[in-house]
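Undergrad: Pasting the sequence and the predicted coordinates here, then a few questions.
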Amino acid sequence: MALINGTTVRFYDVELDRYGKVVSEWHTDHETPVITFMHDWDEDNNDYYVIEFRKSPVLGLIQLEEVLTEQQLSNLKQSNSNFYLVVSNSHEAFLSCVQDVYSGLVDRYSIPAHKIILMTGAFEAGKLNEEIIAERDNNDSVKIKIIVDFEKSAQNQVEYLLGHKKLKFAKTLEHKHYEKSFLNFNRRWRNHRPLFVAMLKMEGLLDKGLVSFGPSDDNRDWSETHPTLVNMLRQDGHRDLARKLDNMKVELENMPPLYLDHKELVTNRAEFLAQDDWMYAETYFSLVSETHYFERDEEHGIFFSEKVFKPISFKHPFLLIAPVGSLAALKSIGYKTFAPFINEDYDKIKNDVKRMEAIIQETKRLDALEGDELSEWLHQCKKICEYNFNVLYNKDKYDFAHKVNY
């Protein structure tokens, strides 16, 4: 038995036509998704049919009759058959997809929950699934697998760079004088990124590192973003920080765009470029602004994109600007983090703003390292970086599907 439609995986999405009407449709004009290669479909006697989606509300619109045969749909509804439906959202981390699988597929089609496998990049999907099951009439559960697409992509790019005779990685964590201590990439203006950049500036740290932050594809700027952040901080009870940020209004609005590798920040550059390695060689730690951060945002939850796998690939220590528990999740898939050489208590702070303040304070401490203290720090962190690089480089193709609990 195997994956039935491995070369013709359908992608379901909704769009607005030129009249503003919602149009839902299946797409086939995309590359075969990586999940077809990252899971051993022949390990048992089951048949699998895979469909992909992006935002999970479309699961309530999907017409399975358009892609499954009448016999396949009948087998899917039979509790003891060996036919399973796989719904994949592995390139995103929308936690809402867990509930939407139940309402949009299980309940709407009367499919036994265990006959559906959700592949997602949302690390907290398993925990949420347990909460949903506890409120349902039976204990039948959707099966969940965490697939980290970007981890596999990082491995592929590392293999390419290492296999290219003319390309060489610059050496990181050398014992030398560093003009800049940290590296911080930012593209799209998700709320945590402008707030973090503002806090770096507030604490006199912005000039201590290499930071990118300029116009992006979401067309936001400080004139729009500043009042949004100030109001958010006030609503959440962080009045002192809101006041400090409010006082920086003119300074932030007059701040020029910050560029590093590219001046064009509209394009999403998820790939690794060999010429980017100088930035890792000229700093000794990264501040990784992941895709998700604030729990209050529509898109939230632990999710690992290429952003965290770049410092792993370039052998760079890092702090993770991400949801609470993200470091714990990263350790659950085989990597080491940098405690006690980096104070990682911030990963346990549930309050999003206080967690960011803790990251800022640790950045300040690391930036102040010098002399023998910095040399020892570089020596110890280099061993962890080497370990993490080897974990990434040596993973088997099926090692990118992870358990849901950590």
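TA: Happy to help now that I have it. Residues are numbered from 1 along each chain as shown.
Undergrad: export stretch 369-378 as PDB, just CAs?
TA: Listed in PDB are the C-alpha atoms of stretch 369-378, where the atom choice follows Å, rounded to 0.1, in the frame of the first residue of the first chain:
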ATOM      1  CA  LEU A 369      31.100  40.500  26.800                       C
ATOM      2  CA  GLU A 370      34.800  41.100  26.200                       C
ATOM      3  CA  GLY A 371      38.300  39.700  26.800                       C
ATOM      4  CA  ASP A 372      38.600  36.300  28.400                       C
ATOM      5  CA  GLU A 373      34.900  36.100  29.200                       C
ATOM      6  CA  LEU A 374      34.000  36.500  25.500                       C
ATOM      7  CA  SER A 375      36.700  34.000  24.500                       C
ATOM      8  CA  GLU A 376      35.300  31.400  26.800                       C
ATOM      9  CA  TRP A 377      31.800  32.100  25.700                       C
ATOM     10  CA  LEU A 378      32.800  31.700  22.000                       C
END
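Undergrad: Might you calculate how far it sits from the centre of the chain?
TA: Using CA atoms, centre = their mean, to the nearest Å, the distance from the centre of stretch 369-378 to the centre of the chain it belongs to is 31 Å.
Undergrad: Pull out the buried positions in that stretch.
TA: For stretch 369-378, a neighbour-count test (16 or more other CB atoms under 10 Å) marks 369, 374, 377, 378 as buried. (C-beta placed from N, C-alpha, C; glycine too.)
Undergrad: what about the third one, which SS state?
TA: This points to residue 377. When states are read from DSSP: H, G, I helix; E, B strand; the rest coil, the local structure at residue 377 comes out as helix.
Undergrad: my read: it touches residue 341, true?
TA: Yes: with contacts counted by CB atoms under 8 Å, residue 377 reaches residue 341, the gap being 5.7 Å.
Undergrad: Which parts of the stretch 101-250 of the chain are strands?
TA: With DSSP state E, counting those that start in this stretch as the criterion, the stretch 101-250 of the chain has strands at 116-120, 143-147, 182-184, 209-211.
Undergrad: Which one, of those strands, ends up nearest to residue 130?
TA: With respect to residue 130, and counting by CB to CB, the nearest of those is strand 143-147 at 10.0 Å.
Undergrad: got the strands of the stretch 101-250 of the chain as TSV, with distance to residue 203 columns?
TA: Supplementary listing: the strands of the stretch 101-250 of the chain in TSV, determined by distance: least, CB to CB, whole Å:
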stretch	distance to residue 203
strand 116-120	36
strand 143-147	35
strand 182-184	13
strand 209-211	12
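Undergrad: Could you list the low-pLDDT ranges of the stretch 151-300 of the chain?
TA: Scanning the stretch 151-300 of the chain with the threshold set as pLDDT under 70 gives 165-168, 261-275.
Undergrad: Can you show me the helices along it?
TA: With DSSP state H, counting those that start in this stretch as the definition, the stretch 151-300 of the chain shows helices at residue ranges 192-202, 222-235, 239-247, 249-253, 277-281.
Undergrad: thinking again about what came up before, what is the nearest of the buried residues of stretch 369-378 to residue 140?
TA: Using CB to CB, residue 377 comes nearest to residue 140 of the buried residues of stretch 369-378, at 51.2 Å.
Undergrad: who's in contact with the closest one?
TA: When contacts are counted by CB atoms under 8 Å, 6 or more residues apart in numbering, residue 377 touches 284, 341, 366, 369.
Undergrad: Give me the subset of these lying in helices.
TA: Helix and strand membership here follows DSSP state H; of the contacts of residue 377, those in helices are residue 366.
Undergrad: Which single one of the buried residues of stretch 369-378 is nearest to residue 316?
TA: Distance to residue 316, by CB to CB, is smallest for residue 378 among those, at 11.2 Å.
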